[in-house]
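> sequence-free structure coming up:
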């Protein structure tokens, strides 16, 4: 073989090797890019799984931490709407505040036994569900002291404070006060007090 043919053969071989090398580099780059994308996805999934695991551990710790509060809530929020007991407690609070006679204590009209929207047998008349707290209901109670039986303002304030510390009547939602025309230190009032129950 002469030198010219050998040079052409070597040049051709070098060209083929260069093309093969470039094709290998391109294929390797494409493979590495694909594997890099897969690795990124796996890292993201791993990070999400780690965050979920941390969140799960925190939630389990919170459940353990707040279990006593749930128990307390069950004992604090009445389980029934025992109106006789509620009236008895309100009358006792009034007596303790120096109010010897309340004019009236009224509850919303009951639809129990009627054709209204009450759930048959559920005993859930007169109440409305509390938004955001499933299973807890609100029962408004109207307490009235009319102008024929006025009381001192200080007695009224003591009565309010004791109502708000009572587990059945912990929220006063509306107050209407009318001073006595003869003695402005005496007042008559109408209160709407919310009782919360969790049957």
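Received the coordinates, thanks. None of the values given here were measured: they were computed from a predicted structure.
> Three-state assignment for the residue most central in space within the chain, please.
Relative to the mean C-alpha position of the chain, the nearest C-alpha, by CA atoms, centre = their mean, is the one of residue 132, at 5.0 Å. Under DSSP: H, G, I helix; E, B strand; the rest coil, the three-state class of residue 132 is coil.
> which ones are touching it?
Listed by CB atoms under 8 Å, 6 or more residues apart in numbering, residue 132 has no contact partners. Placement of C-beta: from N, CA and C, glycine included.
> measure it to residue 138 for me?
Here residue 132 is placed at a distance of 12 Å from residue 138 (CB to CB, to the nearest Å).
> so where is the protein shaky, pLDDT-wise?
1, 69-81, 111-124, 168-170 (pLDDT under 70).
> who touches residue 51 in this structure?
So residue 51 contacts nothing (CB under 8 Å, 6+ apart).
> not counting stretch 141-161 itself, show me its contacts.
86, 90, 93-94, 96-99, 101-107, 169, 172, 175, 177-178, 180, 183, 185-195.
> surely residue 163 meets residue 172?
Yes: taking CB atoms under 8 Å as the definition, residue 163 is a contact partner of residue 172 at 6.2 Å.
> who touches both of those two?
Common neighbours of residue 163 and residue 172 (CB under 8 Å, 6+ apart) are 191, 193.
> good, wrapping up.
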